[in-house]
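Peer 1: the following comprises the amino acid sequence and a computationally predicted model.
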Amino acid sequence: MIAILGTGKMGEALLSGLLRAGVEAGEIVATARREERARSLAERYGVRMVSNAEAAKTADTLILAVKPQDMAALLTEIAPHVPAGRLVVSAAAGITTAFVESRLGGDVPVVRVMSNTPVLVDQAMSVISAGAHAGEDHLKQTESLLSPVGKVLRIPESQQDAATALSGSGPAYFFYLVEAMVDAGILLGMPRAAALDMVTQSIVGAAIMLRDSGEHPVILREAVTSPGGTTIAAIAELERHSVRAAFLAAIEAARDRSNKLAAG
Ligand SMILES: NC(=O)C1=CN([C@@H]2O[C@H](COP(=O)(O)OP(=O)(O)OC[C@H]3O[C@@H](n4cnc5c(N)ncnc54)[C@H](O)[C@@H]3O)[C@@H](O)[C@H]2O)C=CC1
Ligand SMILES: O=C(O)[C@@H]1CCC=N1
């Protein structure tokens, strides 16, 4: 039995992914804070909605998907109910395995995960790290939960905040870029729908080339950039506005924010 505690955007994305991957609805329980939300999830997915205490007692694997700021309260609530040896998977940004271990007590095996919203289309990037009491089996179990909904990579826990900044938040940067490019299309007089189509197909095409060609992004970009042409005119402006430096600073800020999240 798998329990998802805190079924918001990420929890629901993981829940739907598990079901698409063939886990039976009867093998999953979930929890939600609001009754209306619980009813809607039960209706849409056919899973049983239970209390956090019941989820902690009954499931072999607990997936904690509340906001980092709500994690301490959730751990205090479930600590008396988690039987020894249950795998606890924490999906929250910035929350260390030590934070979870210290609040649950005992030798609880904890695996920290940072996934991202493309889990909804089975294209997640999930990075996982073992806590002090989690071994190879626990990492394998977590991989088998997450690999049907995307790519899974093991990383040292010391890199989790950086991964949160890169791939956890990553989809938001691409959506932001699309918004900005569509605005540029509007500036040039394109209808909004057509501009969105053109930009979306360009980003999908570029992403698939990057993933499937094995080429370095510099080579792929150079292939688009003709001498004296249009692309270099655009890139000269991106450089003039320090867009690369802005990305470095932005992702560093996200890493620092992740590092501070456990403190609330
Ligand atoms: N949204 C994203 O792209 C990503 C989010 N995450 C992490 O996933 C976690 C959840 O994020 P979101 O889904 O975006 O937030 P969210 O606010 O949509 O979901 C959190 C849910 O937990 C519920 N909740 C809070 N305390 C609870 C409790 N004691 N018992 C039961 N339910 C409770 C809330 O009512 C809410 O529905 C966060 O820790 C975040 O860092 C990780 C990767 C990506
Ligand atoms: O913005 C956040 O804090 C979460 C963690 C990674 C993506 N969204």
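Peer 2: Okay, I see it. Ligands and ions are numbered 1, 2, ... in the order given.

Peer 1: so for stretch 44-64, mean pLDDT?
Peer 2: Per-residue pLDDT values over stretch 44-64 give a mean of 98.

Peer 1: now the residue in the chain that ligand 1 sits nearest to: closest residue in space that isn't a chain neighbour?
Peer 2: Going by C-beta to the nearest ligand atom, ligand 1 is nearest to Gly8 of the chain, at 1.7 Å. (C-beta placed from N, C-alpha, C; glycine too.) In space, and not counting its chain neighbours, Gly8 is closest to Ala65: 6.8 Å by C-beta to C-beta, 6 or more residues apart in numbering.

Peer 1: can you show me the helices along the stretch 151-264 of the chain?
Peer 2: Using DSSP state H, counting those that start in this stretch, the helices assigned to the stretch 151-264 of the chain run over residues 160-163, 170-187, 192-213, 217-224, 230-240, 243-260.

Peer 1: in a markdown table: those, plus mean pLDDT, distance to ligand 1 and mean neighbour count.
Peer 2: Output for the helices of the stretch 151-264 of the chain, formatted as a markdown table (pLDDT from 0 to 100; distance: least, C-beta to the nearest ligand atom, whole Å; neighbours: other C-beta atoms under 10 Å):
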| stretch | mean pLDDT | distance to ligand 1 | mean neighbour count |
| --- | --- | --- | --- |
| helix 160-163 | 98 | 10 | 23 |
| helix 170-187 | 98 | 7 | 14 |
| helix 192-213 | 98 | 18 | 13 |
| helix 217-224 | 98 | 23 | 11 |
| helix 230-240 | 98 | 26 | 11 |
| helix 243-260 | 97 | 8 | 14 |
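
Peer 1: could you say what helices and strands the top strand by length along the chain packs with?
Peer 2: Ranked by residue count and defined by DSSP state E, the top strand of the chain is strand 124-130. If you count contacts as 3 or more C-beta pairs under 8 Å, 6 or more residues apart in numbering; DSSP states H and E, strand 124-130 packs onto strand 110-114, helix 136-146, strand 150-154, helix 160-163.

Peer 1: what about 6 Å?
Peer 2: strand 110-114, helix 136-146, strand 150-154 (3 or more C-beta pairs under 6 Å, 6 or more residues apart in numbering; DSSP states H and E).

Peer 1: nearest to ligand 2, out of these?
Peer 2: With distances scored as C-beta to the nearest ligand atom, the stretch of these nearest to ligand 2 is strand 110-114 (6.8 Å).

Peer 1: ok, the closest one near ligand 2 or not?
Peer 2: No. With C-beta under 6 Å from any ligand atom as the criterion, ligand 2 is not reached by strand 110-114; the gap is at least 6.8 Å.
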